[in-house]
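[1] Next one to model:
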Amino acid sequence: MQGNWHEGNRFTLLPEAQQFLPEMFRAIEAARESVILELYLMESGRLTESLIEALGAASKRGVTVLLLLDDYGAMGLEERDRQRLTELGVAMRFFNPLAWRSLAHNLTRDHRKLLVIDGELAFTGGFGAVDAFLGAWFEVAVRIEGPVVADWVRLFSRLWDSPLSRGEGEAALVRGLKVAPMEQQGYQGMRGRVVWGQGYHYQAIRRSLLAQLDTAQRRVWICTPYFVPTLSLRNRLVRAARRGVDVRLLLPGPDHDHPGIRYAGQRFYGRMLRAGVRIFEFQPSFIHAKFSLADDWSAIGSCNFDHWNLQWNLEANQEVHDARFAAEVSALFERNFLASREVDPTRWASRSRWQRLREWLWGSLDALLTRLR
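    Purely as a prediction, here's the structure:
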């Protein structure tokens, strides 16, 4: 599913936590009416401690503070921190609480990342409230201003009000939230829309990327930490490269939080390399960012291009169609390509048997998981 394209927005690219975390905390400190925060990962630690203090301070000065967490992703949030949030006046709800009676039901998780201030300013990306984002992982966020923020508020409100979201915060709290006006002057040319997915029934994010691959004339560059692409995505990457489009993948190197996913995706390298797709593995740290670029279209958000995200998770991306913003995203890609090791097709073809075995083992497990619905 997807929102409409809106003109008159401003988007600011914020690469690395040193840029987006201070911006987000300043925004919370300046909130006058409401703070809504939706996260997949939140666990006790230094970053969460600072976040609790900021949310609590906002609540104390009369700001409505709503915190929506995925029940599985918040397993690392200690009970004392949950109690502190409640005592400070933060309304909390948890998406899809884990239950033994329906194990398959537990697979659907809220993987979105969103912060909205006063219905006027929003942030999205791949961030979470875990200490790894303080420097160990490379991440990217985008600051959003303009009429498209209203779509983010509506997306949050529907999930907060859903029967799958439970907790201390009343569902009706979202119904009085302010949203930015649908038409705003001042930032002509910044077109944007929200695209979201809700499990395998609604894959608007995947369809949007496939459409870009089908129509791109110059380039398609994709950064994702968990690359286990569907057959349709693999085919389109290959076709785009064969018709002369500059197709590049920016993927994690050996520093990976789930090495098995890396091996499962590497089994597809050979065909893509032979077609002319260039693959870069980031070396300085684990790259957790999710952003894409196709000509002057770009997308930043929560969605990884692996089967798990596309089949079960709730995801959301901010899409932007603007040449100026695309130039900034392109420059970020270029910097990260320089910090990466490009996979050589000849060397890859002669990789070890042990490497091939790992690809087969993890690939077989991935294929098994795709049959679970």
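[2] by contact count, what packs against the helix or strand hosting Arg324?
    For Arg324, the enclosing helix or strand under DSSP states H and E is helix 323-338. Contact here means 3 or more Cβ pairs under 8 Å, 6 or more residues apart in numbering; DSSP states H and E; on that basis helix 323-338 packs against strand 10-15, strand 219-223, strand 246-252, strand 278-282, strand 291-294, strand 297-301. Heads up, the C-betas are built off the backbone N, CA and C, glycines and all.
[3] Which one, of these, ends up nearest to Asp322?
    Each of the helices and strands packed on helix 323-338 was scored for nearness to Asp322 using Cβ to Cβ, and the closest is strand 10-15 (7.2 Å).
[4] Direction included, what does that closest one pair against?
    Using DSSP bridges, the strands paired with strand 10-15 in its sheet are strand 140-145 (antiparallel).
[5] buried stuff in stretch 244-254?
    Buried residues in stretch 244-254, defined by neighbour count with 16 or more other Cβ atoms under 10 Å: Val245, Val247, Arg248, Leu249, Leu250, Leu251, Pro252, Gly253.
[6] nope, stretch 15-27 is what I meant
    Along stretch 15-27, the positions that meet the burial threshold by neighbour count (16+ other Cβ under 10 Å) are Pro15, Glu16, Ala17, Gln19, Phe20, Leu21, Met24, Ala27.
[7] just the residues you listed now: which is nearest Lys290?
    Closest approach between the buried residues of stretch 15-27 and Lys290, by Cβ to Cβ: Pro15, at 12.5 Å.
[8] My read is that the closest one contacts Phe333, right?
    No - using Cβ atoms under 8 Å, Pro15 makes no contact with Phe333, being 10.3 Å away.
[9] what mean pLDDT does stretch 341-358 have?
    Rounded to a whole number, the mean pLDDT of stretch 341-358 is 96.
[10] again, but for stretch 111-120
    Summarised as a single mean, pLDDT over stretch 111-120 is 96.
[11] Alpha carbons of it, as PDB, please.
    Backbone C-alpha positions of stretch 111-120 (Å, rounded to 0.1, in the frame of the first residue of the first chain) are rendered in PDB as follows:
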ATOM      1  CA  HIS A 111       9.700  -3.500  11.900                       C
ATOM      2  CA  ARG A 112       8.900   0.200  11.200                       C
ATOM      3  CA  LYS A 113      11.000   3.100  12.600                       C
ATOM      4  CA  LEU A 114       9.300   6.500  13.100                       C
ATOM      5  CA  LEU A 115       9.500   9.600  15.200                       C
ATOM      6  CA  VAL A 116       6.900  12.400  14.600                       C
ATOM      7  CA  ILE A 117       6.900  15.700  16.500                       C
ATOM      8  CA  ASP A 118       3.700  17.900  16.700                       C
ATOM      9  CA  GLY A 119       2.400  16.300  13.500                       C
ATOM     10  CA  GLU A 120       4.800  18.600  11.600                       C
END
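[12] quick one: that stretch to chain centroid distance?
    In this view, stretch 111-120 has its centroid 13 Å away from the chain centroid, taken as Cα atoms, centre = their mean, to the nearest Å.
[13] Next, the buried residues of it.
    Per 16+ other Cβ under 10 Å, stretch 111-120 contains these buried residues: His111, Arg112, Lys113, Leu114, Leu115, Val116, Ile117, Asp118, Gly119, Glu120.
[14] and if you look at stretch 336-352?
    By neighbour count, and taking 16+ other Cβ under 10 Å as the criterion, the buried residues in stretch 336-352 are Asn336, Ser340, Val343, Pro345.
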